[in-house]
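**Student:** Generate coordinates for the sequence data below:
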Amino acid sequence: MGCDPQQAEEALRRIERVQQGAARHSENNGVLQLVWGAAIIVAMAGFDIFPRFAGSQNRALGPLLAGLFVAVVALGTAIWTGVYSRRLPVQPWKSTRKQIFLLWGLYHILVICGGTFLGLFLFGKQEAFLPVWFTCVGLLSGLPLLIVGLFAWRRAQIQKG
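**Tutor:** Numbering: from 1, shown residues only. Now for the predicted structure:
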């Protein structure tokens, strides 16, 4: 069962193209991590925007609007994730993606709690927080997902050969 070198080379090129297409159209293409990282940053910015937007007339309205904004961003991102994942033709290595999100989730909890407690320690009360405090905490929390997503996306986009 011999094969001439040109046929073997062409077969290898076809295999590489198929693998590249599978990587580009799979859940491992980095898009999920990029979207969730951006959603965390946008959601945390809501805690800086809405309490100041509500002003001093109604102190309960700002945190309520911020919580509602975060819930809408999280629900929208979760729905988008479900729709996006279902429409992808290739869904390999789901456990790797789940491990990334599990480790990031633990990191996220530590950063959010640590950032909030540090802010309370430094400023005394939430009204005295710096205007971009929660945005910076969100950036610190979402940055690992953005980095992992960017590397995965670039790896999926690189054409070989």
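**Student:** Show the backbone phi and psi for residue 43.
**Tutor:** phi -60, psi -40 (degrees, to the nearest 10).
**Student:** which residues does it contact?
**Tutor:** 69, 70, 73, 74, 138 (C-beta atoms under 8 Å, 6 or more residues apart in numbering). C-beta: built from backbone N, CA, C; applies to glycine.
**Student:** Try it again at 10 Å.
**Tutor:** Residue 43 sits next to 66, 69, 70, 71, 72, 73, 74, 77, 134, 138, 141, 142 when contact means C-beta atoms under 10 Å, 6 or more residues apart in numbering.
**Student:** Now the buried members of those residues.
**Tutor:** 66, 69, 70, 73, 77, 134, 138, 141, 142 (16 or more other C-beta atoms under 10 Å).
**Student:** What is the nearest of those to residue 119?
**Tutor:** residue 134 (8.1 Å; C-beta to C-beta).
**Student:** ok, back up a step: looking at the buried ones among the contacts of residue 43, spot the one nearest residue 153.
**Tutor:** residue 142 (15.3 Å).
**Student:** got a list of what the closest one touches?
**Tutor:** Taking C-beta under 10 Å, 6+ apart, one finds 33-34, 36-44, 104, 108, 111, 149 in contact with residue 142.
**Student:** Which of those fall within helices?
**Tutor:** Of the contacts of residue 142, the ones assigned to helices by DSSP state H are 33-34, 36-44, 104, 108, 111, 149.
**Student:** Just give the number of residues close to residue 39.
**Tutor:** 21 (other C-beta atoms under 10 Å).
**Student:** Tell me, what's the model's pLDDT at it?
**Tutor:** Looking at residue 39, its pLDDT reads 94.
**Student:** Next, find the distance separating it from residue 84.
**Tutor:** Between residue 39 and residue 84 the computed distance is 13 Å (C-beta to C-beta, to the nearest Å).
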